[in-house]
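Participant: Need a 3D model of the sequence below.
(chains A and B)
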Amino acid sequence: MHLIVVGLSHKTAPIEIRERLAVPESRLGEALTRLCSYPGVKEGILLSTCNRVEVYSVVDDIEAGYGRIQEFLADTHLSLSSEQLTPHLYWHTGDRAIGHLFRVAASLDSMIIGESQILGQLKNSFEVALTHKTTGVIMNKVVKKAISVAKRVRTETKISEMAVSVSYAAVELAKKIFSNLHEKTVLLVGAGEMAKLAAKHLIAHGVGHVRITTRTPQHAVDLAAKFGGTAVPFDQFKDDMGSADIVLVSTGAAHYLVGAEDVHRAVEERMNRPMFLIDISVPRNIDPAVRHVDNAFLFDIDDLKHRVEQNRAERLQEAEKAEKMVLEEVTTTLDWMKSLEVTPTIVALRNRVDDMKRAEVDKVLARLPHLSPQDRELVETLASSIVNKLIHRTMVTLKTEVHSSSGPAFVEAARRFFSLDGQSPSVQQIETYTESPCCHTESSAESGAEAPDPETSTHKRAR
Amino acid sequence: MAAICFMITLVLYIVATVSFFSYSLRRSEALSNVSLGITAAGFASHTVALAARIAGASSSAPPSFSDALSFFSWMIVLVFLVVEFRHRIHVLGSFMVPLALASLISAAALPETVPTLQPVFKTLWFHVTLSMLGAVGFTVAFVAGVMYLIQDRFLKSKQFNVLYSKLPALDFLDHLNQQSIVLGFPLLTLGIVTGAISAQFARGSYVSWNPEQTWALVTWLFYFVVLLGRLTIGWRAKRAAYLTVIGFACVILTLVGVVLKGHSALS
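Facilitator: Have a look, this model is predicted:
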């Protein structure tokens, strides 16, 4: 059982390839079913976003698995050939595959590091896979882990806290002036795209009232209807500024529309309540002298861009912390995957029951000091045979199911039933075991078959 | 008991101060809970120390100035903890805890014998408690004012550093400033009235114009004007922040006046 990933992303493939490979959500289920119909592909999940198309899969053989998935990807679009695809693909297995998934989920591999959409997209893909039953023990565990790693990264680092777009930076700044945007009023002067976007963000963050003014009155009325606000005549907006907590200016005017004197008056009218002015226009529409007006905070497009640059740099710093977390989590996940291998489980199980048997036998023998050496041996044999009989079926099942798709589930179950976790056998033990894989169970089955007689006799004597 | 708890409190406040300082200078949020925990532990031990003092003191003895300062420090931490739990503004600790520590150190440095006033009636306890509560209100207003001025400076100069990211929104600080004065002012008024009544009983005159009383009246008048200005002609935001910083100087001078008078009374 090997976990592999084959895919391409914005880092390796141009949009022309990505858009052809992308699988729409409505066809995700069908694609997954097709994926799992390839021989040797046990589990699969398909992550398809505008920036990446990746297949995570559990396969019997790594090389064969790579081939199958590449074939699958090439088959998703008629115009794509395997040769066209190869230069853009990446292949990972084992810890690198797990690490890749964790990094993708935590948005460390995204175009904008720390963006939050990718986690939702991964959850979506996982749900589709669950509905179509194309995941099993390994995939379920690893994807769930990836989701929790992503959440951990988000809460323990500040990777997604800081605004990385100009319009969002405006919201971030507004929140440093007004703790609660709900009762606040924003005045939109002009209707540049970025200003509209910023207004949209502000409304999404709770700004209560929107007032809009543009040179064309009808345009203002239309926008007011769109944003659920009120239109203000353009020649009156300066008188209206006092009632606005946030003023967003972006017009095509080639001169200053708002002077320091206007802002000074507005602030006075507001009884010195702070006022936030954003000038997204180039050339600027608010006189830079406004900076000297107390309780008025003016930011122009460069200020906002500067803030965004700073935030990007901070996100990169946070990403380094996140990478460390991912490494830690990959290690624990790998440990878990190793525990799913049959051999260590059988050795651990053997050790566990032998320890239990030893303890019980010693306890009984200590209370029966009068037994002869032969009798003592009988007691030991009895204990061994009971133990061996009890675990015989488990051992056989583990070995026969090892190559079936439910193999890991059996191993996981055995580990839980016998509480084997935390009981990792030494390398030496595993090696000894692997050299003569069958000796334990086979011989114990035999001794178990011979056991009934001595068992009854020992009981009688003990009484 | 009281002395041991007092020492423990002092040590814990020192550690908390250092911890809060490094919290406000580092990007990581990790120290916030540690600092808060240490402060809370210090506060608990402070509470025990004060309770032990009160239990041990006889009601006729006047409260010593050292006790009053210790109570002042305790109240500051209490207010901080309340605001912290309601609004989760950890950085407030970087300002309030050092002030509480400074007050506690002054309490430790002053001889316990410096009385707040010559022993008179129980009204003296009211006078000391109310005046101190008023002073706590003005101290919080001062802290809010300082934080406001720092954040205002950061926003005006577009300096987005670590402290900027940790300081709360301007209007929150302005609101905190207002609330603290609105609560502190009536308390100080009552403190001055009870003080005057005590003085009348003790000396036969309401006011004797010693430094303490003079400064107390100046402080009262100052905050009266500040409050009036805020409520009527919009003395808020930056101006209010500056005014409360000046007002706090008056509070400190009043307290110094109390100590000087205590000393002169002893000698």
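
Participant: Confirm for me that B:L149 is in contact with B:T244.
Facilitator: No. The criterion here is CB atoms under 8 Å, and B:L149 misses it with B:T244 at 9.9 Å. (Glycine included, C-beta is placed from N, CA and C.)

Participant: if you count what's nearby, which of these two comes out ahead?
Facilitator: Relative neighbour count places B:T244 above the other of B:L149 and B:T244, with 29 against 16, counting by other CB atoms under 10 Å in any protein chain shown.

Participant: quick one: the more buried one from chain A, how far?
Facilitator: Using CB to the nearest CB, to the nearest Å, B:T244 is found at 14 Å from chain A.

Participant: pretty sure that residue belongs to a helix, no?
Facilitator: Yes. Secondary structure of B:T244 (DSSP: H, G, I helix; E, B strand; the rest coil): part of a helix.

Participant: Contacts for stretch B:146-165, please.
Facilitator: In this structure, residues lying in contact with stretch B:146-165 by CB atoms under 8 Å, 6 or more residues apart in numbering or on different chains are A:173, A:176-177, A:291, A:297, A:299, A:303, A:306-307, A:310, B:24-27, B:91-92, B:95, B:167-168, B:170, B:173-174, B:177, B:237-238, B:240-242, B:245.

Participant: Next: stretch B:233-249.
Facilitator: Counting by CB under 8 Å, 6+ apart, the neighbours of stretch B:233-249 from elsewhere in the structure are A:268, A:270-274, A:294-295, B:138-139, B:141-142, B:144-146, B:148-149, B:152, B:170, B:173-174, B:177-178, B:181, B:219, B:222-223, B:226, B:229-230.

Participant: Narrow the residues you listed to those that are buried.
Facilitator: Burial by neighbour count, judged by 16 or more other CB atoms under 10 Å in any protein chain shown, picks out A:270-274, A:295, B:138-139, B:141-142, B:144-146, B:148-149, B:152, B:170, B:173-174, B:177-178, B:181, B:219, B:222-223, B:226, B:230 from the contacts of stretch B:233-249.

Participant: Report the rounded mean pLDDT for stretch A:242-259.
Facilitator: Stretch A:242-259 shows a mean pLDDT of 89 in the predicted model.

Participant: Get me the contact residues on the stretch 1-150 of chain B for chain A.
Facilitator: Taking CB under 8 Å from any CB of the partner chain as the criterion, the neighbours of chain A within the stretch 1-150 of chain B are B:R27.

Participant: in the stretch 1-150 of chain B, what residue is nearest chain A?
Facilitator: With CB to the nearest CB as the measure, the residue in the stretch 1-150 of chain B that lies nearest chain A is B:R27; the distance is 7.4 Å.

Participant: Surely that residue and A:K158 touch.
Facilitator: Yes. With contacts counted by CB under 8 Å, B:R27 reaches A:K158, the gap being 7.4 Å.

Participant: For chain B, what is the nearest residue in the stretch 1-150 of chain A?
Facilitator: Across the stretch 1-150 of chain A, the shortest distance to chain B (CB to the nearest CB) belongs to A:G114, at 14.8 Å.

Participant: burial of that residue, as a residue count?
Facilitator: Other residues close to A:G114 by other CB under 10 Å number 26.

Participant: returning to what we had before: quick check: helices, which of the contacts of stretch B:233-249 are part of them?
Facilitator: Using DSSP state H, the members of the contacts of stretch B:233-249 that fall within helices are A:268, B:138-139, B:141-142, B:144-146, B:148-149, B:152, B:170, B:173-174, B:177-178, B:181, B:219, B:222-223, B:226, B:229-230.

Participant: Extract the C-alpha set from stretch A:282-291 and format it as CSV.
Facilitator: These are the backbone C-alpha positions of stretch A:282-291, laid out as CSV (Å, rounded to 0.1, in the frame of the first residue of the first chain):
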residue,chain,number,x,y,z
VAL,A,282,-4.8,58.3,-9.7
PRO,A,283,-4.3,61.2,-10.0
ARG,A,284,-5.3,61.8,-6.4
ASN,A,285,-8.6,63.3,-5.6
ILE,A,286,-8.0,64.2,-2.0
ASP,A,287,-5.5,66.9,-1.1
PRO,A,288,-2.5,65.2,0.7
ALA,A,289,-2.6,68.1,3.2
VAL,A,290,-5.5,66.3,4.8
ARG,A,291,-2.8,64.3,6.6
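
Participant: Quickly check: that stretch near chain B or not.
Facilitator: Yes. Counting by CB under 8 Å from any CB, chain B has neighbours in stretch A:282-291: A:R291.

Participant: In that stretch, which residues are buried?
Facilitator: Buried residues in stretch A:282-291, counting neighbours by 16+ other CB under 10 Å, are found at A:284-287, A:290-291.

Participant: just how off-centre is it within its chain?
Facilitator: Stretch A:282-291 has its average C-alpha position 44 Å from the chain's average C-alpha position, going by CA atoms, centre = their mean, to the nearest Å.

Participant: can you check stretch A:173-184 too?
Facilitator: 31 Å.

Participant: quick one: buried residues of it?
Facilitator: By neighbour count with 16+ other CB under 10 Å, stretch A:173-184 contains the buried residues A:173-179, A:181, A:184.

Participant: Please, which helix or strand holds A:L32?
Facilitator: Element membership for A:L32, per DSSP states H and E: helix A:28-36.

Participant: what's in contact with the following helix or strand past that helix?
Facilitator: Proceeding N to C from helix A:28-36, the next assigned helix or strand is strand A:41-48, under DSSP H and E. For strand A:41-48, the external contacting residues (CB under 8 Å, 6+ apart) are A:1, A:7, A:21-24, A:28, A:31-32, A:35-36, A:53-60, A:65, A:68-69, A:104, A:121-122, A:125-126, A:128-129, A:134-136, A:138-139, A:143, A:405.

Participant: So which of the residues you listed sit within strands?
Facilitator: The strands, defined by DSSP state E, take in A:7, A:53-59 from the contacts of strand A:41-48.
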